[in-house]
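Enquirer: Any chance you could fold what I've pasted below:
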Amino acid sequence: MRRLNSYPVAIGLLILSFLALYWRVLHKLVVDWAYDGNYSHGFFIVPLAAFFVWERRRALAATPIRPSWVGLLVMVGSIAVLLAGLLGAELFLSRISIIGLLAGAILFVLGWGYLGKLAFPLAFLLLMIPIPVIIFNQIAFPLQLLASQTGEVVLSAFHIPVLREGNVINLANTSLEVAEACSGIRSLISLLTLGIVYGYFLDARFWIRFLIAAATIPVAIVTNALRVAGTGVAAHYYGPEAAQGFVHEFSGLIVFAAAFALLFAIARLILLMVPPRADATVGAPSPIG
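Expert: So this is what the prediction gives:
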């Protein structure tokens, strides 16, 4: 009886220790979700990960508890990464250590069986962490150039006079700058998150889920490039106002909805080509946990 009662106590102490270590890191993370539109989806990640854990409740209840001291080593290593991130003012390191500490705690208290079954919810939490600025810029700038190049090609196809200078599209009546916010990285990150969740509930096969998630990348890039081109066409015929304010923001919502519709069509096409087995359970965890 003492052995059974010790686990809630151990878990409670680990939670309190986690909050004591990470409350500043977590506060800054939530602030970034609130004020950085590229990561506003972060508010949905933790509840979804919690749902994925709850969905595995029967499998977890049937898994024997076999604590491993390896988990303690993982926790110590994660705390070292946290300290390195705090001392070096590197937000990514301090935030990524959260996942390592959670994994180590699960392994230390509950064992390898639990860690295997909770691998997907833990990995899903990575989506809540903003990528380093240096990597973000390396992705965003090529996307800006690609969108502006696509806009130039489409405008030329419509016989609209256009001159492109880097990521600036010059028209006869206005100039359009494909800024970082228009690079498509925001829709790419959000669509990737949606693609992972949609694939998870759609099919239990890991490789199908991977294909659906991977399809979000070209879908997001193509639809954003067409949005930039459409904005250029609208600005040419209806004036600069068509590329500003409410019209511009609303077009972003329409394009994102179109991107998800295209992803939905791609996923259905994949399932038509490789239909699930009759005994497969939609939304069930994959064999790798």
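
Enquirer: Could you list the low-confidence segments of the stretch 51-200 of the chain?
Expert: Applying pLDDT under 70 to the stretch 51-200 of the chain flags the ranges 180-183.

Enquirer: Helices of that one, residue ranges please.
Expert: 57-61, 70-87, 91-109, 112-117, 119-124, 133-157, 185-202 (DSSP state H, counting those that start in this stretch).

Enquirer: Residues contacting the third one, please?
Expert: What it means is helix 91-109. Applying CB atoms under 8 Å, 6 or more residues apart in numbering, the contact partners of helix 91-109 are 7, 10-11, 14, 18, 21-22, 25-26, 28-29, 67-79, 81-82, 84-86, 114-115, 118, 122-123, 125-126, 129-132. To be clear about C-beta, it is placed using only N, CA and C from the backbone, and glycine gets the same treatment.

Enquirer: what comes up buried for the one helix or strand V30 maps to?
Expert: Assigned by DSSP states H and E, V30 belongs to helix 2-35. Buried residues in helix 2-35, counting neighbours by 16 or more other CB atoms under 10 Å, are found at L14, F18, L21, Y22, V25, L29, D32, W33.

Enquirer: Could you pull up the residues touching the last one?
Expert: So the one you mean is W33. Counting by CB under 8 Å, 6+ apart, W33 touches Y39, S40, G42, F43, M128.

Enquirer: Mind splitting this structure into its structural domains?
Expert: Split into domains by automatic domain parsing, the chain comes to 2-130, 134-273.

Enquirer: Now the terminal residues of the longest one, how far apart.
Expert: Spelled out, that is domain 134-273. Criterion CA to CA, to the nearest Å; first-to-last residue distance in domain 134-273 is 40 Å.

Enquirer: My read is that G151 contacts L171, right?
Expert: No. Taking contacts as CB atoms under 8 Å, G151 lies outside contact range of L171: 10.0 Å.

Enquirer: Please enumerate the shared neighbours of the two.
Expert: Common neighbours of G151 and L171 (criterion: CB under 8 Å, 6+ apart): V162, G232.

Enquirer: Who has more neighbours out of those two?
Expert: G151 (26 against 18; other CB atoms under 10 Å).

Enquirer: show me what contacts that one?
Expert: V162, R164, I169, L176, V178, A225, V228, A229, T231, G232.

Enquirer: In PyMOL, select just the buried ones from these.
Expert: The following PyMOL line selects those of the contacts of G151 that are buried, judged by 16+ other CB under 10 Å:
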select buried, resi 162+164+169+176+178+225+228+229+231+232
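
Enquirer: That'll do, ta.
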